[in-house]
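[1] Predicted structure and sequence below. I'll ask about it afterward.
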There are 2 protein chains.
Amino acid sequence: MLKNAVDQKASEDDLDEEGIVNRIYEAIIEQRLPPGTKLSEAALCEAFGVGRMRVRRSLLLLASRGVVDLQNNRGAYVAQPTMSQALEVFEARRTIEPNVARLAARRANKADVSDLAAHLDMEAEARRQGNRQLAIRLSGQFHVRLAKVARNEVMERMVKELVTRTSLIIGMYGSAGTKNCHDDEHGDILEALRNMNSEAAASLMEQHLRHIEQEVDLTSERKRQVNLVEILSGEAS
Amino acid sequence: MLKNAVDQKASEDDLDEEGIVNRIYEAIIEQRLPPGTKLSEAALCEAFGVGRMRVRRSLLLLASRGVVDLQNNRGAYVAQPTMSQALEVFEARRTIEPNVARLAARRANKADVSDLAAHLDMEAEARRQGNRQLAIRLSGQFHVRLAKVARNEVMERMVKELVTRTSLIIGMYGSAGTKNCHDDEHGDILEALRNMNSEAAASLMEQHLRHIEQEVDLTSERKRQVNLVEILSGEAS
DNA sequence: TTGACAGAGATTGTTAACAATCCTTTCATG
DNA sequence: CATGAAAGGATTGTTAACAATCTCTGTCAA
């Protein structure tokens, strides 16, 4: 089951740590690995066809980025962000990403704009076809691509981490049917880039992030933790 | 030599990965480990009194944060940020830290303010006594503490990484005599916190970061890389 | 029926030996 | 004397076995 959730393409090509980390990132962003999922070393070894060392190193990297929870003698679990951690992640995104959008608008050339436009097309197409997992991934990837256009690898890495953690948060607190990002808003941001209107890009991004956060906040108290309480609540009273 | 540079206090207490990482962080911030220094596994094992596994895991963490350069089959070296990486780090700091200061000003209570005041006293004292290494470390730590006051661990970790990388940059491009941070500016920021003037805190922080960056930029073309070219240039022409 | 306890099995953490690569020294040669 | 090749040592990368811990199951007693 884990193998199926993580290993989308072929598994014959052996990966390095970065490859493994990215595959798990993607699986988390697409919500194939829900929060709390146990990531046992053996399963990951089989899934990726690598030795235990590689797996352990990858898990350490994921843990250092707050995406995986590494418990002593108990193994690795997909992180279950608390409410306050979720707020911190959104606060960090509102801090960083509007400025990323501003810089992207200043630095985007025509190739960047058409790349992003193509990306939005793929996003719309995935949504049209009802391929929800792909749509979620592309939607998150838009934010990372924007950081790439801003020509700042330091912030790009930060955005990547924050986007992944946001997926975890949506997986825990957001309604499953909710769309991760309104595509129109992505389109609006791209339009600001096209017009080299950096201030518009920044404020559109801020609005966009607030919308994402609101959508999560509204549905918050629902899923909570995947523990005893909810499972037993059916026959408790 | 490495042992001496890294291992300031006693070394009998065995450390976990986080402890090792923090010790190396501090050594880099205090510029006892200049950019390009080789961090051999054996030396670190001896310095910290731990097994090779711990050391390798620590090096991986440091590498994932851009503080250490992990070369294939050649070992770990303290990172030597390029000019463009340096610009990226400063850009990220200007993006994040003014907002951190703003949030800190909103959320600081009296205990926070007096803690920070005590910290500034220590900073001033270290400078007065001419203890340059301690002064540098405390100066960097002020920024991290501010993030702690802002009550956001995600951004706190980011600031910590950026401060460390800034030390590397100053070690490479800045003049050795330069003071890392003007203490008055730290004091001004604290004053803004005391008055709960969040906008002032943000703009003071931005100014402060620009000053640090300017000081580095002015002296830029001097040290560069520590490689063949400079060593051989004495008898090249 | 419920709870506690013990043991087997499974999983993770650690260590040590082995393999592979790199660096330095030495030696031969143009 | 300079250049290049080869051997030796040193360092890193990998694997496999071992130790420690946890989890699950079955049994027994209350």
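    Arrived safely. Keep in mind the model is a prediction, meaning the values are calculated, not measured. Numbering: from 1, shown residues only, chains lettered A, B, ... in the order given.
[2] what about the residue most central in space within chain A, which helix or strand?
    By Cα atoms, centre = their mean, chain A has its centre lying nearest to residue A:164, at 2.7 Å. If you go by DSSP states H and E, residue A:164 is part of helix A:153-173.
[3] Show me what the longest helix seen in chain A is packed against.
    Longest helix in chain A, counting residues (DSSP state H): helix A:83-107. Here helix A:83-107 touches helix A:132-149, helix A:153-173, helix A:183-194, helix A:198-218, helix B:83-107, helix B:153-173, going by 3 or more Cβ pairs under 8 Å, 6 or more residues apart in numbering or on different chains; DSSP states H and E. Where C-beta positions appear, they are placed from N, C-alpha and C, glycine not excepted.
[4] switch the cut-off to 10 Å
    helix A:110-128, helix A:132-149, helix A:153-173, helix A:183-194, helix A:198-218, helix B:83-107, helix B:153-173 (3 or more Cβ pairs under 10 Å, 6 or more residues apart in numbering or on different chains; DSSP states H and E).
[5] Now do that helix and helix A:153-173, the angle between them.
    140 degrees (axes from the mean of the first three to the mean of the last three Cα atoms, to 10 degrees).
[6] Now helix A:83-107: buried residues?
    A:85-93, A:95-105 (16 or more other Cβ atoms under 10 Å in any protein chain shown).
[7] Run through the residues of chain A sitting next to DNA strand C.
    Residues of chain A found near DNA strand C (Cβ under 7 Å from any atom of the strand) are A:38, A:40, A:41, A:42, A:56, A:70, A:72, A:73, A:74, A:75, A:76.
[8] with these in mind, which one is nearest to residue B:204?
    residue A:70 (38.5 Å; Cβ to Cβ).
[9] residues making contact with the helix or strand hosting the closest one?
    Using DSSP H and E, residue A:70 falls within strand A:68-71. The contact list for strand A:68-71 (Cβ atoms under 10 Å, 6 or more residues apart in numbering or on different chains) reads A:21, A:24, A:28, A:33, A:35-39, A:56, A:58-64, A:75-81, A:168.
[10] Listing partners with orientation, what would you give for the helix or strand just after that strand?
    Going down the chain from strand A:68-71, the next helix or strand is strand A:75-78, by DSSP H and E. Note on strand A:75-78: by DSSP bridges, its sheet partners are strand A:38-39 (antiparallel), strand A:68-71 (antiparallel).
[11] And strand A:75-78, how far out from the chain middle?
    Mean-position distance between strand A:75-78 and its chain equals 17 Å (Cα atoms, centre = their mean, to the nearest Å).
[12] and if you look at stretch A:158-169?
    Using Cα atoms, centre = their mean, the offset of stretch A:158-169 from its chain centre is 4 Å.
[13] Ok, stretch A:41-49 next?
    Counting by Cα atoms, centre = their mean, stretch A:41-49 comes out at 22 Å from the chain centroid.
[14] Would you tell me whether it gets close to chain B?
    No - using Cβ under 10 Å from any Cβ of the partner chain, we find that stretch A:41-49 stays clear of chain B, coming within 14.7 Å at best.
[15] hmm, that stretch in reach of DNA strand D?
    No - using Cβ under 7 Å from any atom of the strand, stretch A:41-49 stays clear of DNA strand D, coming no nearer than 9.8 Å.
[16] Average the pLDDT values over the strand holding residue A:70 and round to the nearest integer.
    Mean per-residue pLDDT for strand A:68-71: 97.
[17] got it, and stretch A:213-229?
    On average, stretch A:213-229 scores 56.
[18] now stretch A:143-160
    98.
[19] now the end-to-end length of that stretch.
    Chord length of stretch A:143-160, first to last residue, is 8 Å (Cα to Cα, to the nearest Å).
[20] go on, stretch A:77-86?
    17 Å.
[21] hey, what's residue A:69 bridged with?
    residue A:77.
[22] Just want the angle from the longest helix of chain A to helix A:132-149.
    Using the same axes, to 10 degrees: helix A:83-107 against helix A:132-149 is 50 degrees.
[23] Adding mean neighbour count as columns, could you present the strands paired with strand A:75-78 in a markdown table?
    Converted to a markdown table, these look like this (neighbours: other Cβ atoms under 10 Å in any protein chain shown):
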| stretch | mean neighbour count |
| --- | --- |
| strand A:38-39 | 17 |
| strand A:68-71 | 17 |
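[24] ok, and for stretch A:46-61, which residues are buried?
    Buried, per 16+ other Cβ under 10 Å, within stretch A:46-61: A:47, A:48, A:50, A:54, A:55, A:56, A:57, A:58, A:59, A:60, A:61.
[25] So which of the residues you listed sit within helices?
    A:47, A:48, A:54, A:55, A:56, A:57, A:58, A:59, A:60, A:61.
[26] how about those residues, which pair is most distant?
    Within those, A:47 and A:60 form the most distant pair, 17.4 Å apart (Cβ to Cβ).
[27] So residue A:31 is in contact with residue A:132, correct?
    Yes - the pair residue A:31 / residue A:132 is scored as a contact, 8.7 Å apart, by Cβ atoms under 10 Å.
[28] ok and the residue in chain A nearest DNA strand D?
    residue A:51 (3.1 Å; Cβ to the nearest atom of the strand).
[29] Report the contact partners of the nearest residue to that residue once chain neighbours are set aside.
    The spatial neighbour of residue A:51 that comes closest, neighbours along the chain excluded (Cβ to Cβ, 6 or more residues apart in numbering or on different chains), is residue A:45 at 6.7 Å. By Cβ under 10 Å, 6+ apart, the contact set of residue A:45 is A:51, A:52, A:53, A:54, A:55, A:56.
[30] What of residue A:188?
    So residue A:188 contacts A:182, A:200, A:201, A:204, A:205, A:207, A:208 (Cβ under 10 Å, 6+ apart).
[31] Can I take it that residue A:31 is in a helix?
    No - read with DSSP: H, G, I helix; E, B strand; the rest coil, residue A:31 is coil and lies in no helix.
[32] how much space between the closest residue to it other than its chain neighbours and residue A:138?
    Nearest residue to residue A:31, sequence neighbours excluded (Cβ to Cβ, 6+ apart): residue A:171, at 5.0 Å. Residue A:171 is 17 Å from residue A:138, where distance means Cβ to Cβ, to the nearest Å.
[33] now do residue A:57
    When residue A:57 is compared with residue A:138 (using Cβ to Cβ), they lie 28 Å apart.
[34] mean confidence for stretch A:94-112?
    98.
[35] Can I get that stretch as CSV, trimmed to CA atoms?
    Output of stretch A:94-112 as CSV, limited to C-alpha atoms (Å, rounded to 0.1, in the frame of the first residue of the first chain):
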residue,chain,number,x,y,z
ARG,A,94,2.3,35.6,4.0
THR,A,95,5.7,36.9,5.0
ILE,A,96,7.7,35.4,2.2
GLU,A,97,5.6,34.8,-0.8
PRO,A,98,4.2,38.3,-1.5
ASN,A,99,7.8,39.5,-1.7
VAL,A,100,8.6,36.5,-3.9
ALA,A,101,5.8,37.5,-6.2
ARG,A,102,7.1,41.1,-6.2
LEU,A,103,10.6,40.0,-7.2
ALA,A,104,9.3,37.6,-9.7
ALA,A,105,7.3,40.4,-11.4
ARG,A,106,10.4,42.5,-11.6
ARG,A,107,12.6,39.7,-12.9
ALA,A,108,10.4,37.7,-15.2
ASN,A,109,11.3,37.6,-18.8
LYS,A,110,9.1,36.5,-21.7
ALA,A,111,10.2,32.9,-21.4
ASP,A,112,9.3,32.8,-17.7
